[in-house]
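J.: make a model of this:
(2 chains)
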Amino acid sequence: MKYQLILVDDHKLVAEGISTLIGQLEDFELIAQYNDAREALNKVPLLKPDLLITDLDMPYLNGLELISQLKQDNSPLKFVLLTMHLDRATVKQCMKLGVEGYILKNAQASEFQHCLQTIKAGHSYYTPQAMQSLVDKASEIKATALKKTQLLSTRELEILVLVAKGLSTKEISDALHIAVRTTETHRKAIMQKLEVSNVAGMVRIAVQEGLLG
Amino acid sequence: MWKLRKRLLESTLKTIGKTIGASLLLVVYFGSHLSFGQSHEVDSAAFYREMAVQTSYNNTDSMRLMLAAYKRHLNQDPKKESDYLSILGIYYQQKSQYDSSLYYQDRAYELASQIQDSVLLAQIIQRKGNVHKYLGNYELAMELFFQAMSIAKAQNDTKTAATAGMAIGQVYGYMQEYDKARDIISESLEYVQQDPDDRVLWSLLIERGNINTMTGMLDAAEQDYSQAKVIAEKLNLMEGRMLIYSNLGAVYFFRNEMDKAIESYQRGALLADSVGDKISYGIAEMNTGEAYYTIEEFEKAEEKLLQSLELFSELKSKNFIKDNYYYLYEMESRRGDDKKALKYYQLHAAYKDSIINESNLNKIAELQTQYKTVENEKLLAENQLEIQEKEAQIFYLYAGFALFIILAFAVYYRYKANQRHKMQLAIAQEREQGLQNVVMATESERNRISKDLHDGVGQQLSALKLALADLSNKVEGEARSEVESIASHFKQSADEVRSISHQMMPRALMENGLVEAIEDMLQQAFAFSSISYQFEHKNVNQRFDEHIEIGLYRVLQELINNIIKHSQASNVQVQLYKVEQQLMLLVEDDGKGLENKATKGYGLKNIESRLSIIHGKVNFESAGGTTAIISVPVK
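T.: Okay, here's the model as predicted:
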């Protein structure tokens, strides 16, 4: 028996293209196609397909909402998100929901075929670009105990906090009634003691060691 | 604050008669305190002394008679003699003969120190301070008041101490040291509350209320006046109550609570009417009129202002007629009747000029009569000395005039500066509002175009590419490779549309907040460059106001564009963190720095105007690379 698919996409032209593509695949059969996600929501439980392919941005109900409503424990139904979007947040959300496939609308026919076959075989397929976007460079600065800033004098601490609050050297000098040169010297001393080479490094330590509350 | 001070000055001028009344009460109180302190038996000296003090403020001629009678009952008692001389000093002070006043106070002081009567000494020093206060010798006056206060405190004479404290507060007030003034008056209030004497308490409360009003602490002022009102009612001080209603009205006026202001003024008017005090009645009506036109009830305002004008005209009090015309002018100009406004303004100006001329003549005439009277009375043995004194008087008078004119100019220029300042503020606000509208409109338009691109053109391109791929399966040979090449061009176009749409309005920003959006942006911006980056954040996992999120995102976009285009950097560090109520964005690169000013031009302006809308600011520092630190206030 062929693997039964349902396609949901509000964009008729795209839906047609995809259905033509599926028509050429031997092991797969498109049993229904909807332009309105609400209709799909009603019909899918009756038709019991093996796989639902859905667009993300749709009126009334978006693809992820549709998936989360259809997704039930122990249900054999699988999902592929077919989208133009490639942002981390969407990819992460799909993984969280346990969506089996993630593929871009402008994928090559061969990739599309590969995706369907991988899922049919019981694995997941996320397009490589989507996986790439998950490489997480953003990191939360973690709090640590006072350590490096203990080396600083009171005045240096004061200046460090003002730097982190966005004051320029000139503004800091005015605020503390000291010469610009003095402030510069203090800043150099702070960097040396904290073993950093730039403002970002100074601020990171100030944040880490809780100087900014 | 400007407007407030100016208005307060006006209202102070209006109520000047009353305020003098208030300070008089205080001195009257003083006299009574002294006589009670002396003895319980009925004593003619004490009686005449009391009468002299009582008459000192409205009738200097009677005072002179009472003083003469007091003098006959001194019985060579040095304490009484000293007290007599000091009150004689007050007499001369009232007649504005300050040199004579000081002369008698000094003699009183000599006597009091011979008999070592510290209570008396403190009072004399206090009075001497008063003379210097009138002369404008504030430093000396202050020194004397402080001296009086410390002696009085040592003698447990809380009333003199409190009075000295109030005088100090007044001088601080003249010097615009309002905080110090408030402190010392509050301190004095504590003394009198230990030994409450209602009249002193009342004066102190009024004084502190005035200072609070001056400094815009209207709630505190209201409290002081309300407390003073209770005392005035208890003691049945008519004038005192009218003063309070007028001042309370001003507080409400400044607080923009016009209904309350009108109510308070009207109560004052009622009171004034019932005691037949026409001037106060007129002032209260005039103030009511002002409050009405402030809330644009022009008909009621006009009624009140014309009523008060009629009254002032009846009383021929030019000063108030002048003020009244000014209010009428302001009312008409607000109402938009420029013709009437001009007419009233001209009348106002005409009265102002005539007052200045008249008061000149009056003062000179008064001085001449003073000469004669004094000669006849032969109070001072040496004529020569007397004339010198008079010359000094004339000098003070002219100095006073000069001071008055300078003050008037100062007030006028402050008013003008205030108007200019308000205008500039309004323009700046308008500009900011305009800028904000433009930016918001741009953002919503971007959002719309981004959606259109994404949902329309983008999807169609993808669909067409699929159709072409399908077609390529159906054709053979050369045609097939051509179709495939066209399909790959379609793919490129679709990718481009997707990336443009993303840049215009990132989905992540709208749905997941700044951290996700920034990470997305950095990843895509640096994907095809040799620049590496780190992005760190702290305390920013919440959502912020949409303007702030979009604003910061755009600013970062601009900064990153500049870095890629101009900086030749190899590493970029981005930090987003919150300090207290500030959201901070730090972008640091290790490029060639900001030496090329030309590249800053448009981008920097863009950044600054973006930030100005969200009340943020940016600092650039360049030391082996560029650091931009941006701070934006958040709730």
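J.: what's opposite the closest residue to B:Phe620 other than its chain neighbours in the beta bridge?
T.: Among residues not flanking B:Phe620 along the chain, B:Ala628 sits closest, at 5.4 Å (C-beta to C-beta, 6 or more residues apart in numbering or on different chains). Any C-beta I mention is one placed from the backbone N, CA and C, and that applies to glycine too. Taking DSSP bridges as the rule, B:Ala628 bridges to B:Val587, B:Phe620.
J.: for chain B, what's the nearest residue on chain A?
T.: Relative to chain B, the nearest point of chain A is A:Gly17 (3.0 Å; C-beta to the nearest C-beta).
J.: tell me the contacts of the residue lying closest to that residue once chain neighbours are set aside?
T.: Excluding its sequence neighbours, the residue lying closest to A:Gly17 (C-beta to C-beta, 6+ apart) is B:Leu466, at 3.0 Å. Shown in contact with B:Leu466 (C-beta atoms under 8 Å, 6 or more residues apart in numbering or on different chains): A:Val14, A:Gly17, A:Ile18, A:Thr20, A:Leu21, A:Ala109.
J.: so B:Met149 is in which element?
T.: helix B:138-154 (DSSP states H and E).
J.: which strands and helices lie in contact with the following helix or strand past that helix?
T.: Counting by DSSP H and E, the element after helix B:138-154 in chain order, helix or strand, is helix B:158-174. The criterion is 3 or more C-beta pairs under 8 Å, 6 or more residues apart in numbering or on different chains; DSSP states H and E, and the helices and strands that helix B:158-174 contacts are helix B:16-38, helix B:118-135, helix B:138-154, helix B:178-194, helix B:198-214.
J.: redo that, cut-off 6 Å
T.: Helices and strands touching helix B:158-174, by 3 or more C-beta pairs under 6 Å, 6 or more residues apart in numbering or on different chains; DSSP states H and E, are helix B:118-135, helix B:138-154, helix B:178-194, helix B:198-214.
J.: quick one: the second one to chain centroid distance?
T.: Mean-position distance between helix B:138-154 and its chain equals 30 Å (C-alpha atoms, centre = their mean, to the nearest Å).
J.: export it to PDB, keeping only CA atoms.
T.: Coordinates of each C-alpha in helix B:138-154 appear next as PDB, following Å, rounded to 0.1, in the frame of the first residue of the first chain:
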ATOM      1  CA  TYR B 138      21.200  89.800  54.500                       C
ATOM      2  CA  GLU B 139      24.500  88.500  55.700                       C
ATOM      3  CA  LEU B 140      24.500  90.700  58.800                       C
ATOM      4  CA  ALA B 141      20.800  90.100  59.400                       C
ATOM      5  CA  MET B 142      21.400  86.400  59.300                       C
ATOM      6  CA  GLU B 143      24.300  86.600  61.700                       C
ATOM      7  CA  LEU B 144      22.000  88.500  64.100                       C
ATOM      8  CA  PHE B 145      19.100  86.200  63.800                       C
ATOM      9  CA  PHE B 146      21.300  83.200  64.400                       C
ATOM     10  CA  GLN B 147      22.700  84.900  67.500                       C
ATOM     11  CA  ALA B 148      19.200  85.800  68.700                       C
ATOM     12  CA  MET B 149      18.100  82.200  68.200                       C
ATOM     13  CA  SER B 150      21.000  80.700  70.100                       C
ATOM     14  CA  ILE B 151      20.600  83.000  73.100                       C
ATOM     15  CA  ALA B 152      16.800  82.500  73.100                       C
ATOM     16  CA  LYS B 153      17.300  78.800  73.000                       C
ATOM     17  CA  ALA B 154      19.700  78.900  75.900                       C
END
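J.: list the buried residues of it.
T.: By neighbour count on 16 or more other C-beta atoms under 10 Å in any protein chain shown, the buried set for helix B:138-154 is B:Tyr138, B:Ala141, B:Met142, B:Leu144, B:Phe145, B:Phe146, B:Gln147, B:Ala148, B:Met149, B:Ile151, B:Ala152, B:Lys153.
J.: adding distance to B:Asp117, write those out as JSON lines.
T.: As requested, the buried residues of helix B:138-154 are exported to JSON lines (distance: C-beta to C-beta, whole Å):
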{"residue": "B:Tyr138", "distance to B:Asp117": "28"}
{"residue": "B:Ala141", "distance to B:Asp117": "23"}
{"residue": "B:Met142", "distance to B:Asp117": "24"}
{"residue": "B:Leu144", "distance to B:Asp117": "17"}
{"residue": "B:Phe145", "distance to B:Asp117": "19"}
{"residue": "B:Phe146", "distance to B:Asp117": "20"}
{"residue": "B:Gln147", "distance to B:Asp117": "15"}
{"residue": "B:Ala148", "distance to B:Asp117": "14"}
{"residue": "B:Met149", "distance to B:Asp117": "17"}
{"residue": "B:Ile151", "distance to B:Asp117": "11"}
{"residue": "B:Ala152", "distance to B:Asp117": "12"}
{"residue": "B:Lys153", "distance to B:Asp117": "16"}
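J.: and the gap between the closest residue in space to B:Tyr345 that isn't next to it in sequence and chain A?
T.: Excluding the flanking residues, the one nearest B:Tyr345 by C-beta to C-beta, 6+ apart is B:Tyr329, at 4.3 Å. For B:Tyr329, the distance to chain A equals 45 Å [C-beta to the nearest C-beta, to the nearest Å].
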